[in-house]
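K.L.:
Build the 3D model from these lines:
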Amino acid sequence: MTEEELRQRLERTRQRYERQEIRLDALLQSMQNNRDKMEQIEYALAMMERAGTQRLRPRIVHYAEIRNFIAYASRLYDRLQSRLHRHLNYAYFCSVICSRYLFESRFHIRDRRFLNFTTILSYFKQERGR
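P.N.:
Okay, the predicted model is just below:
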């Protein structure tokens, strides 16, 4: 093997090592993102379970008060993010709101309308856009 071939082989090996480092960094970042998402989902599940087991009088949100409720939820979302020092996925946050709303919608109350996840998400996005 000549000296030139060894230099070329060394250069190829260095390039391969650099590409592997880039892939490793991307993988570590992806793993951290997934870890954060898992923590958020676990928290959302815990809140859903806790909401289902509590024997509190349900908070009724009438259709006319939905905008005020979403504004309150938006402020709560900001407060949670600042207190936890972490970015929260608003889709998970809205799914918790939706599950609580669905849980309360078991009661047949006058002036009460069903809101699905996409409606709550669109209201929340609209509120966040202001």
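K.L.:
going on from the helix or strand bottoming out on mean pLDDT in the chain, what's the next piece of helix or strand?
P.N.:
Counting by mean pLDDT, DSSP states H and E, the chain has its least confident helix or strand at helix 90-104, which shows a mean of 73. Sequence-wise, the next helix or strand downstream of helix 90-104 (DSSP states H and E) is helix 117-129.
K.L.:
chain center to that next one: distance?
P.N.:
14 Å (Cα atoms, centre = their mean, to the nearest Å).
K.L.:
which of the residues in that helix are buried?
P.N.:
120-121, 123-124, 127 (16 or more other Cβ atoms under 10 Å). To be clear about C-beta, it is placed using only N, CA and C from the backbone, and glycine gets the same treatment.
K.L.:
Select the longest helix from the chain.
P.N.:
helix 3-53 (DSSP state H).
K.L.:
Which elements pack onto that helix?
P.N.:
Counting contacts by 3 or more Cβ pairs under 8 Å, 6 or more residues apart in numbering; DSSP states H and E, helix 3-53 packs against helix 90-104.
K.L.:
SS state for the nearest residue to D36 once chain neighbours are set aside?
P.N.:
Spatially, and ignoring its direct neighbours in sequence, D36 is nearest to R86 (7.1 Å; Cβ to Cβ, 6 or more residues apart in numbering). Here R86 is recorded as coil under DSSP: H, G, I helix; E, B strand; the rest coil.
K.L.:
Turn the buried residues of helix 117-129 into TSV, columns for distance to T13 and pLDDT.
P.N.:
Below are those laid out as TSV (distance: Cβ to Cβ, whole Å; pLDDT from 0 to 100):
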residue	distance to T13	pLDDT
I120	54	77
L121	50	79
Y123	56	79
F124	51	79
E127	54	80
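K.L.:
out of the residues you listed, who's nearest I41?
P.N.:
Nearest to I41 out of the buried residues of helix 117-129 is L121 (Cβ to Cβ; 16.3 Å).
K.L.:
Find the nearest non-adjacent residue to that closest one, please.
P.N.:
Counting by Cβ to Cβ, 6+ apart, the residue nearest L121 is C94, at 4.7 Å.
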